[in-house]
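A.B. asks: Everything below, folded, please.
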Amino acid sequence: MKDSKVKKEKWWIAEHHEEKAHHFLEALSPISGLLGPAYLPGGWLYRGVGNDGYHLLPSAFRRGSVLLNKALLYDAPLPTLGYQIKAELGTLTAFIEAADRQGHTIPEDSQSLRRYLAGLDHLIILPAIDDRRIPVWPDLTVLSALGLAQHYRVPTRMLDWTLNPYIAAYFAASSAVSQIRVGNRLCIWALLEDIVEFEELFSDGGIQNNRLPLKLVTAPGAGNSNLKAQRGVFLVYQQFDIDPSAEFVPQPYDELLVENLKFLAHQEVVWVILAHFRGLAACRLGS
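C.D. replies: Numbering: from 1, shown residues only. Presented below is the predicted three-dimensional model:
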């Protein structure tokens, strides 16, 4: 390897570069790699992408994605939070209805879930005619169904991650091969799992409640052999007390992490929160 350590570019993120495939995989090793047990306590989440220029932006927020609401198609992202959430809700509802017609099991399906989806749809009146606000999106009730939809490549505000760095490397390489361009390099994002799960973090004033908007979601692996084999988990951006008329500005999840954990920059923190492994160019995968 060129470097013996992960290079810290910023207080919260570290980057590491490799040119050879076997060195890249060695760096990712959960036992002897740069983020192995000797480096940090806690587990890591991994996400592989085929281009190191990509931010952590979910499909429902990306230009070019298409969302569905009552048989009408909309190009993402939509201009306001109300329109965006209504389109995400409509897309999820269409997925659930299609899966149900085919006889497929929806995780945690219930009358409560169906009532929640219908009630939220009626709550979001567009354009807004009063000061009605959306309490939360997505609610805990829909997270398992949303995770299943994401697994089947339905546009959602979830991002796929895995607990296995080598599975992330496989997806990064597969994506890179399909979009070979000069200068592109595949990469693996690694996120410290504990930082997503902690609800209380140290700050200058002692312990404070931290409502980190990124939530870790696990969808049931029973009945879904692919999800189980991939050791898949999801990150989702959960918003509260939402003004439907407010402008919707898609924000990558790496930027959300920075904004919501800024106070850690003032602590004597040696942890790396997010690591960015930049690997070999796609055209060198066979070397």
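A.B. asks: So, low pLDDT: which residues of the stretch 151-287 of the chain?
C.D. replies: 180-183, 197-212, 219-231, 261-287 (pLDDT under 70).
A.B. asks: mind checking the longest helix of this structure?
C.D. replies: What stands out as the longest helix in the chain, according to DSSP state H, is helix 81-101.
A.B. asks: any idea which helix or strand carries the residue positioned nearest the centre of the chain?
C.D. replies: With the centre of the chain defined as its mean C-alpha position, the nearest residue by CA atoms, centre = their mean is Leu159, 2.6 Å away. Using DSSP states H and E, Leu159 maps to strand 158-162.
A.B. asks: if we can go back for a sec, what are the contacting residues of the longest helix of the chain?
C.D. replies: 60, 67-70, 74, 76-78, 106, 109, 117, 120-121, 124, 126-128, 134, 137-138, 142, 145-146, 148-149, 152, 154-157, 239, 242-248 (CB atoms under 8 Å, 6 or more residues apart in numbering). Heads up, the C-betas are built off the backbone N, CA and C, glycines and all.
A.B. asks: Among these, the buried ones, what's the PyMOL command?
C.D. replies: Buried residues among the contacts of helix 81-101 (16 or more other CB atoms under 10 Å), as a PyMOL selection:
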select buried, resi 60+67+68+69+74+76+77+78+106+117+120+124+134+137+138+142+145+146+148+149+154+155+156+157+242+244+248
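A.B. asks: Which ones among the contacts of helix 81-101 lie within strands?
C.D. replies: If you go by DSSP state E, the contacts of helix 81-101 have Leu67, Leu68, Asn69, Tyr74, Ile134, Trp137, Gln239, Ile242 in strands.
A.B. asks: The fourth one and Ser174: what is the separation?
C.D. replies: Put plainly, it is Tyr74. As judged by CB to CB, to the nearest Å, Tyr74 and Ser174 stand 29 Å apart.
A.B. asks: Can you list the buried residues in the following helix or strand past the strand holding Leu159?
C.D. replies: Where DSSP H and E defines the elements, the next helix or strand beyond strand 158-162 is helix 165-178. Neighbour-count burial for helix 165-178, counted by 16+ other CB under 10 Å, picks out Pro165, Ile167, Ala168, Ala169, Phe171, Ala172, Ala173, Ser175, Ala176.
A.B. asks: ok, back up a step: show me which of the ones in strands among the contacts of helix 81-101 is closest to Ile31.
C.D. replies: Gln239 (38.1 Å; CB to CB).
A.B. asks: which residue ranges form the helices in this structure?
C.D. replies: Going by DSSP H, the chain shows helices at 21-28, 81-101, 111-123, 143-151, 165-178, 193-197, 225-230, 253-260.
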